[in-house]
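Engineer: Below is the structure, and that's it, no one-letter string:
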């Protein structure tokens, strides 16, 4: 890594960090699909937060106690998911949707989840998210990068249609580079053809 | 079967110059022999091949009988020279053997004591062990500490010298001399340029599938001089491609979670992002003159092919279709571009003019076609084809005719051409079980005939290979 490049990009990163820091939720993650796996496991005890997992409920307690970058260091052990956190999204809304083979259109299941995501985002108005597009391994690398990009944009466009400001949503494609299910079989591939929404 | 115009009867070739610009290899001049000519052009001295040799390697056929070749240890008066001589012999034999066109004869079978060979050799001794061609050589240590390697290629049946070359270089540079000699032998016996003095840039992989660590790596085509180019810092890097004219690689890096096309300078290690675009840039490839990079840019989910002039940074958009347009690759004359699109509803291969006009679909068989790569000879386009439930590397002519599949497995992907357009390298991924075990990813090569499929050894798992041009063209 050339020093010049590092400095340039590091500088860009800091600029970006400064402008968005006030809105950031407690997400220390380095990003990437892999971290979303661990987040899923984090939320398995979230039932203790009580009651159903309706989006409306989570939305109602959200907007006043969000944000607080880095203050919740012990994410994994938290008893209740902090409203507006990734764990909250995973437990009470659903952070991901799935696609058909070589498809980027949204199934009715996917649309249902995204409607909840949109409500959640509108309630947690200070949040910004990154939408990741992923593919299964049954395709060539560059084509899958393109397909993942289209999947991520399908999700973004749908959320925007439902009233989420486009400036709050960035997209990234990982193609087939970050599977969550490791096997080479239909069940694994179905899990890997996904779009994941991550709170920044 | 494809019919190459490679069949060549070796005849009087007169004095030839290999125009190699190998800066590290200094030519020497030999004036003592009557038939020797001093050639100022290029940097290698070639002396005249006698007329009417008949030895040939016929590579027009699909199935090749490898030509038996005797490659002796290069002789020397000093131990250090003999050591290099033995190493050179082994390196040349390895190169020729891997090509599938030659069968080096076990040195134990040699009758004539190769350490005592004087010119000309006792041809009868070599015919007895069925050596069609014989390689001899001599290493001389120079007063300046460098060494001189002379090699000769003999036709044992016509009893004639077919080639003779002299190189002078440092001891540390002996492998390149071996590759240049291998290329000279290959060219003299097949009529085609060789591909041994080349390198491979690829992605080295390790770790579980969901946390795969990927690094840019480079090595000689025979696996020597392996080197990692990017750090072990978790940055995802993909799809490196060689510049045809400079010591540069273009590739995709997720540096700072921003997937963008970069250019890497092999000499300096400098990396530079190629352009500032709002969306992802990916699938880069150099133009044949090395002055432009053609790539895909994503804008609000639409993926189109663009070119960027590296010097002026001017960007031209070549496709405007709302479908996926990616994996562009120039024809060697720069006049056309082949690319991958799903505009028909499935993944197919297209060809368009270099300005984006006259786009035309060329793949019509069953299955999904991706990763088209134009041959350096211009006559074929290699591709990946998914069908049915397996992946294949195949080739077709630029008009879509003559499709042939060369390989097949659970996942074969990403062909790259040797600079002579005779050999294709690709990567192959094995399936993983439900626990994620297995899934080995490795580089493989295969002859254009569909024969001689071989694994290319790398220290770790490997994908996304890209073959360099002949090194003496640009270093």
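Structural biologist: The structure has been received and is ready for your questions. Quick caveat, the model's predicted, so the values are computed rather than measured.
Engineer: Quick check: phi and psi on the single nearest residue of the stretch 201-350 of chain B relative to chain A?
Structural biologist: As assessed by C-beta to the nearest C-beta, chain A sits closest to residue B:301 within the stretch 201-350 of chain B, at 2.7 Å. C-beta here means a position set from N, CA and C on the backbone, and glycine is covered the same way. Here is the backbone geometry of residue B:301 (degrees, to the nearest 10): phi 90, psi -10.
Engineer: Wait, residue B:112 touches residue B:126, no?
Structural biologist: Yes: with the criterion set as C-beta atoms under 8 Å, residue B:112 and residue B:126 qualify as a contacting pair; they are 6.8 Å apart.
Engineer: Same drill for those two, tell me which one is more crowded.
Structural biologist: For residue B:112 versus residue B:126, neighbours defined as other C-beta atoms under 10 Å in any protein chain shown are more numerous around residue B:126 (26 against 19).
Engineer: for the chain, what's the longest helix?
Structural biologist: In the absence of a named chain, this looks at chain A. helix A:141-161 (DSSP state H).
Engineer: Chain B, not that one
Structural biologist: If each helix of chain B is counted by residues according to DSSP H, the longest one is helix B:79-98.
Engineer: Tell me which helix or strand comes right after that helix.
Structural biologist: Scanning forward in sequence from helix B:79-98 by DSSP states H and E, the next helix or strand is strand B:102-104.
Engineer: Okay, now the unreliable bits of the chain?
Structural biologist: By default, I'm working from chain A. With pLDDT under 70 as the threshold, chain A has low-confidence stretches at A:1-80.
Engineer: ah, no, chain B please
Structural biologist: Scanning chain B for pLDDT under 70 picks out the ranges B:1-64, B:118, B:472-475.
Engineer: Break it down into its structural domains.
Structural biologist: Chain B breaks down into these structural domains: B:45-190, B:199-474 (assignment by automatic domain parsing).
Engineer: Of all the ones you listed, which one is nearest residue A:128?
Structural biologist: Evaluated with C-beta to C-beta, the domains of chain B place domain B:199-474 nearest to residue A:128, the distance being 13.9 Å.
Engineer: chain center to that closest one, what's the gap?
Structural biologist: The chain centroid and the centroid of domain B:199-474 are separated by 14 Å under C-alpha atoms, centre = their mean, to the nearest Å.
Engineer: what does the stretch 251-400 of chain B have sitting close to chain A?
Structural biologist: On the criterion C-beta under 8 Å from any C-beta of the partner chain, chain A has as its neighbours in the stretch 251-400 of chain B the residues B:252, B:255-257, B:259, B:268-273, B:279-280, B:282-283, B:296, B:298, B:300-301, B:303, B:324, B:326-327, B:340, B:342, B:347, B:368, B:370-371, B:384, B:386.
Engineer: So which of those belong to strands?
Structural biologist: B:252, B:271-273, B:282-283, B:296, B:298, B:303, B:326-327, B:340, B:368, B:370-371, B:384, B:386 (DSSP state E).
Engineer: ok, back up a step: so after the longest helix of chain A, what's the next helix or strand?
Structural biologist: Heading towards the C-terminus - elements assigned by DSSP H and E - helix A:141-161 is followed by strand A:169-175.
Engineer: That next one pairs with which strands?
Structural biologist: According to DSSP bridges, the neighbouring strands of strand A:169-175, each with its direction, are strand A:129-134 (parallel).
Engineer: what sits against the nearest residue to residue B:317 once chain neighbours are set aside?
Structural biologist: Using C-beta to C-beta, 6 or more residues apart in numbering or on different chains and skipping residues adjacent in sequence, the residue nearest residue B:317 is residue B:306, 5.1 Å away. By C-beta atoms under 8 Å, 6 or more residues apart in numbering or on different chains, the contact set of residue B:306 is B:294-297, B:315-318.
Engineer: Of the residues you listed, grab the buried ones for ChimeraX.
Structural biologist: Burial among the contacts of residue B:306 is assessed by 16 or more other C-beta atoms under 10 Å in any protein chain shown; the matching ChimeraX selection reads:
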select /B:294,295,296,297,318
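Engineer: Distance to residue B:138 added to the contacts of residue B:306, as CSV?
Structural biologist: Written out in CSV, the entries for the contacts of residue B:306 read as follows (distance: C-beta to C-beta, whole Å):
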residue, distance to residue B:138
B:294, 48
B:295, 49
B:296, 53
B:297, 56
B:315, 55
B:316, 55
B:317, 58
B:318, 54
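Engineer: Out of the contacts of residue B:306, which comes closest to residue B:182?
Structural biologist: The shortest distance between residue B:182 and any of those, using C-beta to C-beta, involves residue B:294 and amounts to 32.4 Å.
Engineer: Packing partners of the host helix or strand of that closest one?
Structural biologist: Secondary structure from DSSP H and E places residue B:294 in strand B:292-299. Judged by 3 or more C-beta pairs under 8 Å, 6 or more residues apart in numbering or on different chains; DSSP states H and E, the packing partners of strand B:292-299 are helix A:141-161, strand B:260-265, strand B:281-286, strand B:302-309, strand B:325-330.
Engineer: Just the angle for it relative to strand B:302-309, thanks.
Structural biologist: Relative orientation of strand B:292-299 versus strand B:302-309 (axes from the mean of the first three to the mean of the last three C-alpha atoms, to 10 degrees): 150 degrees.
Engineer: Any idea what the residue nearest to residue B:317 is bridged to?
Structural biologist: Beta bridges link residue B:306 to residue B:295, residue B:317, judged by DSSP bridges.
Engineer: How are the helices of chain A distributed by residue range?
Structural biologist: Assignment of helices within chain A using DSSP H yields the ranges A:3-20, A:33-42, A:55-60, A:86-92, A:108-123, A:141-161, A:186-192.
Engineer: contacting residues for residue B:214?
Structural biologist: Here residue B:214 is in contact with A:177, B:203-205, B:236-238 (C-beta under 8 Å, 6+ apart).
Engineer: what's the answer for residue A:192, then?
Structural biologist: For residue A:192, the contact set (C-beta under 8 Å, 6+ apart) comprises A:134-137, A:176, A:179-181.
Engineer: ok, back up a step: hey, what's the angle from the strand holding residue B:294 to helix A:141-161? Just curious.
Structural biologist: With the same axes, to 10 degrees applied, the angle from strand B:292-299 to helix A:141-161 works out at 30 degrees.
Engineer: Next, count neighbours for residue B:291.
Structural biologist: 18.
Engineer: quick one: contacts for it?
Structural biologist: Contacts for residue B:291 (C-beta under 8 Å, 6+ apart) come out as B:245, B:309-311.
Engineer: swap the cut-off to 10 Å and go again
Structural biologist: With C-beta atoms under 10 Å, 6 or more residues apart in numbering or on different chains as the criterion, the residues that contact residue B:291 are B:243-246, B:307-312, B:334.
Engineer: For ChimeraX, what selects the buried ones among those residues?
Structural biologist: The ChimeraX selection below is limited to those of these classed as buried (16+ other C-beta under 10 Å):
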select /B:243,244,246,307,308,310
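Engineer: what's the farthest-apart pair in the contacts of residue B:291?
Structural biologist: For the contacts of residue B:291, the farthest-apart pair by C-beta to C-beta is B:244 and B:312; their separation is 18.9 Å.
Engineer: Much appreciated, bye for now.
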